[in-house]
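> Provide a 3D model corresponding to the input given below.
(chains A and B)
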Amino acid sequence: GDSVTQMEGPVTLSEEAFLTINCTYTATGYPSLFWYVQYPGEGLQLLLKATKADDKGSNKGFEATYRKETTSFHLEKGSVQVSDSAVYFCALSESQGAQKLVFGQGTRLTINP
Amino acid sequence: DTGVSQNPRHKITKRGQNVTFRCDPISEHNRLYWYRQTLGQGPEFLTYFQNEAQLEKSRLLSDRFSAERPKGSFSTLEIQRTEQGDSAMYLCASSRTGGGNIQYFGAGTRLSVL
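Below is the predicted model:
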C-alpha cells in the first residue's frame, strides 16, 4: 500500500539556519502531497501542498517541490525562526476515492534562539 | 467558520468500558474522516464518510469500533470494551468535494485506558 517515510527526528537548529526535512513516498497512482504542521498544544494545520509532478508548494517561507522521478517532497526553509518549532508531517492522498491522508511518522523541530 | 470541533478533549476510562467521541465538522464540508495517532507516530486513517454514508473503513477498525454520521452532520466514534491498546489521540478532519482534498483537523480527543 501507499506509504510515506520522513527523516528521523528530532531536529535542533539555531535561529536563521537553513532547514531541510526529507520526505519520500511510495504510491501506486499519482498522489497529491502535503506538509502538515502541529504546533505545541494545537491541532494539525496544512502548511503546503502540491498536486502534480514539478509543482512547488509554498507558505510562510517554507517550500517543497513534488519530484516524481525521486518520489520525494522535501520541506525547506531558508531561515528558520523560534516560532517554527513544531512537529512536521509529510502526507499523501490519492486523487480518487476516499482521498484519505497517509502520513509519515513526523519530525520534531526545535529552533534555539 | 468555527473549525472542526471535537468533544471531549480528554477521556480517561477503565478497561472494558465503552466510550463515545463526537466530531462537529465545518458546516459546509460533506467529507468527514477519523484518524488515530499514537505517541511519536503520524495519524493513521480509521474511516471516511461522504455525507451520511460510511464509504471506507480501515482494517485498524476492529469490531469494537463503530462510527456514525447521522444526517451527514456531526459524527460519533464509539469504542466498546476498551483495551489499553486503544489509548491514543483520536482526530477528526473534514473537507469538501472539489476543495483540493484540504482536510481541516480538530484538536483531537485524547483517550487513556487504565
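> ok, the residue lying closest to residue B:101 once chain neighbours are set aside - contacts?
Closest residue to residue B:101 apart from its sequence neighbours, by C-beta to C-beta, 6 or more residues apart in numbering or on different chains: residue A:99 at 4.5 Å. Where you see a C-beta, it was placed from the backbone N, CA and C, and this is true even at glycine. Going by C-beta atoms under 8 Å, 6 or more residues apart in numbering or on different chains, residue A:99 touches A:93, B:31, B:95, B:101.
> centroid residue for chain B?
Most central in chain B under C-alpha atoms, centre = their mean is residue B:34, positioned 3.3 Å from the mean C-alpha point.
> distance of it relative to residue A:9?
From residue B:34 across to residue A:9, the span is 26 Å (C-beta to C-beta, to the nearest Å).
> any residues of chain B in contact with chain A? List them.
B:4, B:31, B:33, B:35, B:40-45, B:48, B:55-56, B:91, B:93, B:95, B:100-108 (C-beta under 8 Å from any C-beta of the partner chain).
> in strands, which of the residues you listed fall?
Among these, the residues falling in strands (DSSP state E) are B:31, B:33, B:35, B:44-45, B:48, B:55-56, B:91, B:93, B:95, B:104-105.
> now a PyMOL select for only the buried ones of those.
To isolate the buried ones among these in PyMOL, judged by 16 or more other C-beta atoms under 10 Å in any protein chain shown, type:
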select buried, chain B and resi 31+33+35+44+45+48+56+91+93+95+104+105
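> dump the ones in strands among the residues of chain B next to chain A into TSV; add pLDDT as well.
Listed next are those as TSV, based on pLDDT from 0 to 100:
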residue	pLDDT
B:31	95
B:33	97
B:35	97
B:44	96
B:45	96
B:48	95
B:55	93
B:56	92
B:91	97
B:93	97
B:95	94
B:104	95
B:105	96
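> what's around the closest residue to the residue nearest to the centre of chain B other than its chain neighbours, how many residues?
Spatially, and ignoring its direct neighbours in sequence, residue B:34 is nearest to residue B:46 (4.2 Å; C-beta to C-beta, 6+ apart). As a burial measure, residue B:46 scores 21 neighbours (other C-beta atoms under 10 Å in any protein chain shown).
> same deal with residue B:59?
Residue B:59: 5 neighbours (other C-beta under 10 Å).
> could you grab the helix/strand/coil label for it?
coil (DSSP: H, G, I helix; E, B strand; the rest coil).
> same check, this time on the one 4 residues further on
Using three-state DSSP, the structure places residue B:63 in coil.
> roughly how far apart are it and chain A?
21 Å (C-beta to the nearest C-beta, to the nearest Å).
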